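1. my questions concern the predicted model and sequence given below.
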Amino acid sequence: MSDFLDIALSFPPVVFSFGLILVVLYWLTVVVGALDVDIVDVGGDAELDAGGGFWSAFGFGAVPFTVVLSLWITLGWIVTVLGASWIRGSDLFIPPAASGTAVLVAGIGVGMLGAKLLTGPLAKLFEDAPATAHADLVGKVCVVRTGTVTLDSGQAEITDEEGQLLLINVRRSPHEPDGIDDALFARHSKVVVFDYDEADRVFLVVPVAMPPEVAVAES
């Protein structure tokens, strides 16, 4: 184990090692729902916007930037770790600077090539994804999947017109009436989408079961 850590933290694997840690943390936060991921807007933000023509020139334009970068870093890390291990175990004398640079270049190149090959099939998934309009989800009931929904964070599951289950970013409205219990926005609670915020690209929700006093106040 100590030998593996020594290689992983040496040059050039260390260039990818810290990036790999960030990749793992990113996808863990996505899995637990602590990080917002816009899945509905597949025609806009879900596609690769960062990098523009540079990334599109390599065929990455139809795949989210985070997916491409995650694959690139992971494959680059594997290549550099294997390359560094082979050089250490070989009987050849290669100056460390030269061998490290060669392995790093190989990691970057092979990582990019591997990411391109792997994102090819994934691109078809994004192309075939149903283009759900934001307006189609207004008025629908969804289920909270994060710990709670606040003015700044929250996600919920909702079923679109095609019967597809979507994970959307939801928020409480800053103009909601007073007296609404925070427990009505807890995990597994049912909320209703009543509007879409174009500026922040989030759906605004209210509880399905509004307190009687609040309902009276609204009327």
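-> Arrived safely.
2. residue contacts, V208?
-> 141, 189-192 (C-beta atoms under 8 Å, 6 or more residues apart in numbering). Where C-beta positions appear, they are placed from N, C-alpha and C, glycine not excepted.
3. what does L20 give?
-> Here L20 is in contact with 73-74, 77 (C-beta under 8 Å, 6+ apart).
4. who wins for neighbours among the contacts of V208?
-> V191 (25 neighbours; other C-beta atoms under 10 Å).
5. does that one sit in a helix or strand, and which one?
-> V191 is located in strand 190-197, with elements delineated by DSSP states H and E.
6. now do that strand: which elements does it pack against?
-> helix 134-137, strand 141-144, strand 165-172, strand 202-207 (3 or more C-beta pairs under 8 Å, 6 or more residues apart in numbering; DSSP states H and E).
7. show me how far that strand is from its chain's centre.
-> Centre-to-centre, strand 190-197 and its host chain are 22 Å apart (C-alpha atoms, centre = their mean, to the nearest Å).
8. any chance of the contacts of L20 in CSV, plus distance to P96?
-> What follows is these, written out as CSV (distance: C-beta to C-beta, whole Å):
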residue, distance to P96
I73, 23
T74, 25
W77, 19
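9. just the buried residues out of those, in PyMOL syntax.
-> Only the buried entries of the contacts of L20 go into this PyMOL selection, using 16 or more other C-beta atoms under 10 Å:
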select buried, resi 73+74+77
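10. next, check the contacts of L20 against the strands and list the overlap.
-> Among the contacts of L20, the subset assigned to strands under DSSP state E is empty.
11. and which of the contacts of L20 is nearest G114?
-> Proximity of these to G114 (C-beta to C-beta) peaks at T74, which lies at 8.9 Å.
12. quick one on the thing from earlier: nearest to W27, out of the helices and strands packed on strand 190-197?
-> strand 165-172 (14.2 Å).
13. which strands or helices does the closest one pack on?
-> Applying 3+ C-beta pairs under 8 Å, 6+ apart, we find strand 165-172 packed against strand 141-144, strand 155-159, strand 190-197, strand 202-207.
14. and the helices in this protein, which stretches?
-> Shown for the chain, the helices assigned by DSSP state H span residues 2-8, 13-32, 52-57, 65-89, 96-128, 134-137, 212-218.
15. contact partners for I108?
-> Counting by C-beta under 8 Å, 6+ apart, I108 has contacts G76.
16. break this protein into its domains for me.
-> Domains of the chain are assigned by automatic domain parsing as 2-128, 134-218.
17. can I get those in CSV with mean pLDDT?
-> Below are these laid out as CSV (pLDDT from 0 to 100):
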stretch, mean pLDDT
domain 2-128, 76
domain 134-218, 85
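18. no further queries at this time; thank you.
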